[in-house]
Structures are given as C-alpha cells and as structure tokens.
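Participant: Make a model of this:
(one chain, ligands or ions: 1)
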Amino acid sequence: MKVIDHIEKAGNNALFSFEIVPPPRGRNVQDLTDIVKGLEPYNPSWIDVTAHPAGAYYNENPDGTIERKIFKKRPGTIGICGIIQNRFKIDTVAHLLTQGFTREETEDALIELNYLGIHNVLALRGDGLNYNKKVSANRSVNTYAIDLVNQIQDIKEGRFLDEISNARPLDFCMGVAGYPEKHFEAPNMKFDLQWLKKKVEAGADYVVTQMFFDTSKYINFVKQCREEGINVPIVPGLKVLKNMKQLTTIPRNFYIDFPDELVDEVTANPKHIEEIGVRWAIRQSEELLNFGVPSLHFYVMNDTESVKEVVKKFY
Ligand code: FAD
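Facilitator: Prediction:
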C-alpha cells in the first residue's frame, strides 16, 4: 500500500512510521531484521530505508604517503526494502538519491523496486561525501531532488530514458524532504519553500520533515507551506535524544537547534539524558497529535529501544 493511501485511510487516527539505516558494509542483514522484529509489535504503517552514496576519504600510509580511497558506506536499500516488505509484510519506502547515482542507475532501481512490489520512494539529493563518480558520455545525472522527482514522474507516465518496447508506466508514491528550520544551503526560508513547492508541483505526493525538537517550528513550517500553496501531507520527523554527544553532533549534522528548556534540563541532569529524551519525544508526539499530523515518523537510526519507549505510550 502507498504512504498516501495509508494516510488517507487513517483519517484522524495516528499513524506511526520508522526510518532505519542499512547496516555498514560487511555486517549481516540479520542486524536489520532484528531491528524490524523489535518495531513490528508497534504496527508501523511503513518503514523507510535510507540510501547512501559512495564517499572518499584520505588514508595516511605508514610511509607517510597519502592515498585517496573510495568506500561505499552502506549498500542495500532496495534489497532491505524487499526483505522487510516480503518477509514482514510491512510497506517500505526506498530512499533514492541524485548524488552518487546516474539517471540510468535510478531507472534500473525503479524497475527493480516495481518488480519487488515496492511502490513508495523518497526522492532526495543527498549530501555528497567528497566523491563524484566518473560519468561516461552515455550516462546522465540528476543534480537537485527536483530533477529526480521529474525522472520518477516521467517513469510514472511511462517515459523511460530509452525507448523501451511495450514500456508500461510504473506506479510510485513519491515523498520529498522538507526543513522546518530551513535547509542549510538555502539563503532564506522563502527560497527553500519555493523549491519545495516545485518538487510538489512536479509530482511529490507528500513531504517528510527533517528532525526538530521544538514542535512550534514544525507548526510554523506547516503554516508557511500552506500559505505558499503546498497542500500535500507534511509528515513530522522525530528523533529521540539519547546521549550527551548528540547535543553537538545533531546540530552539526542536521543544522537544527535544540530548545533552551531541553538543553538546560539535560545539562543539569546528564545521567538522566535517556529518560529526558524519551519524555521530551512523548511530549512532542502529544503536541503533534493534538495539532493533527498525518503520521509520526521516527528516525530510529538503529536505536530501537528509546523509540519503542516513546511509541508504547500511544498503544
Ligand atoms: P533539494 O530539494 O535538492 O534541496 C537542496 C538545496 O538546494 C536546498 O537548499 C534547496 O532550497 C535548494 N534547491 C533545490 N532545488 C534547487 C534548484 N533546482 N536550484 C537551486 N537550488 C535548489 N541523505 C542521504 O544521503 N540518504 C538518505 O537516505 C536521506 N534521507 C533523508 C530523509 C529525510 C526525511 C530528510 C529530511 C533528509 C534526508 N537525507 C538523506 C538528507 C538530504 O539528502 C540532505 O538534507 C540534502 O542536503 C538535501 O536533500 P533534498 O532532497 O532536500 O535536496
């Protein structure tokens, strides 16, 4: 079932969805199936599986020379979606990126997803990892997420990169990302919202937000989107604060602020940060449900325990 159909069918009932990250290369897919088993009792409407492009890093050899090495961080988005959907019968959303993938690879990925019965995708740009794949003359690339949205929409209408005989349109529900605290590269909110609107006009069915810890920022974002004429469902993304390190790593990686009240509380009681994080996320969930959100989307990032603590309050 498509995300958009889940939302429509639920009406005023709260839906819960989760986002998980494929295990690092070399680890077993069992790690992931254990995570899904842990989430299964909470009846997720869908599970997103993130995508990761290749990256580059510099390695200093014992002789002092420096070598540039390429790594593929976390493979397996499509395969993992296939396992979850076919083994656990939970709908999945495969993340697709422009960065690190050619348009030809994207088309193949969509054909494969369709073959596996996966009809939900989240179209994203990605953040690059200091590495650009060499693209030969007969390959093409998407740059921004809107380029990917356009390509997916083409395929939904049966337009493939090459003339394929008997090509049939492939059916996908398409989500895109939105930023209650603005995307870090956008010069201002107005600019960012204009591109978000273009992604929706190009075919996106819904928006999922970046994580936020101040609910009023989400509410204000929804208001601004509606004023801009963005009328699709806007699913709030939530993260449960787990440890003191995240007080600096989350703002650094996701370009968001923590509210003063939360920072004051955890810095005064660092030993109780897990309990405070869970309490804060429950409070945010209640505020969002009262506001009337279509669904609560939790960034699990493979930390199921604290997310389960939050979600079980609502079962
Ligand atoms: P875009 O929509 O392309 O926007 C990027 C920036 O460019 C914005 O500032 C926008 O205002 C501007 N812009 C957009 N279009 C244009 C244009 N045509 N011309 C000029 N400016 C433009 N990253 C991963 O690597 N893997 C994941 O699985 C993943 N999942 C995510 C899930 C969610 C819900 C969210 C919110 C983010 C996720 N990300 C993921 C991170 C995401 O890739 C980054 O935030 C990235 O920097 C932007 O992606 P986007 O799709 O929003 O980009």
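Participant: only C-alpha atoms for contact and neighbour calcs from this point on.
Facilitator: Will do.
Participant: Please tell me the pLDDT value assigned to residue 13.
Facilitator: pLDDT recorded at residue 13 is 84.
Participant: now residue 159
Facilitator: In this model, residue 159 carries a pLDDT of 94.
Participant: For it, pull up the helix or strand it's in.
Facilitator: Assessed by DSSP states H and E, residue 159 sits outside every helix and strand.
Participant: what's the neighbour count on the closest residue to it other than its chain neighbours?
Facilitator: Once flanking residues are discounted, residue 159 sits nearest to residue 169: 7.4 Å by C-alpha to C-alpha, 6 or more residues apart in numbering. Neighbours of residue 169 under the rule other C-alpha atoms under 10 Å: 14.
Participant: From residue 160, how far out is residue 169?
Facilitator: Distance of residue 169 to residue 160, given as C-alpha to C-alpha, to the nearest Å: 9 Å.
Participant: Which strands and helices lie in contact with the longest helix seen in the chain?
Facilitator: Across the chain, the longest stretch assigned as helix under DSSP state H is helix 273-291. Packed against helix 273-291, as judged by 3 or more C-alpha pairs under 8 Å, 6 or more residues apart in numbering; DSSP states H and E, are the following elements: helix 215-228, helix 260-268, helix 304-311.
Participant: mind redoing it with 10 Å?
Facilitator: With contacts defined as 3 or more C-alpha pairs under 10 Å, 6 or more residues apart in numbering; DSSP states H and E, the packing partners of helix 273-291 are helix 215-228, strand 234-238, helix 260-268, strand 296-299, helix 304-311.
Participant: where does the stretch 151-300 of the chain dip in pLDDT?
Facilitator: Along the stretch 151-300 of the chain, segments meeting pLDDT under 70 span 164-165.
Participant: Residue numbers of it in contact with the ligand?
Facilitator: 177-178, 183, 185-186, 191-192, 195, 208-210 (C-alpha under 6 Å from any ligand atom).
Participant: For ChimeraX, what selects the buried ones among these?
Facilitator: The ChimeraX command for the buried members of those (criterion: 16 or more other C-alpha atoms under 10 Å) is given here:
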select :177,178,183,192,195,208,209,210
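Participant: In helices, which of the residues of the stretch 151-300 of the chain next to the ligand fall?
Facilitator: Of these, the ones assigned to helices by DSSP H are 191-192, 195.
Participant: Look up how far residue 124 lies from the residue positioned nearest the centre of the chain.
Facilitator: Residue closest to the average C-alpha location in the chain (C-alpha atoms, centre = their mean): residue 50, at 6.0 Å. Going from residue 50 to residue 124 by C-alpha to C-alpha gives 10 Å.
Participant: Name the residues contacting each of the two.
Facilitator: 95-97 (C-alpha atoms under 10 Å, 6 or more residues apart in numbering).
Participant: which of the residues you listed are close to the ligand?
Facilitator: Contacts with the ligand within the shared contacts of residue 50 and residue 124, counted by C-alpha under 6 Å from any ligand atom: residue 95.
Participant: Which one of the shared contacts of residue 50 and residue 124 is nearest to the ligand?
Facilitator: Comparing these against the ligand with C-alpha to the nearest ligand atom picks out residue 95 as the nearest, at 5.0 Å.
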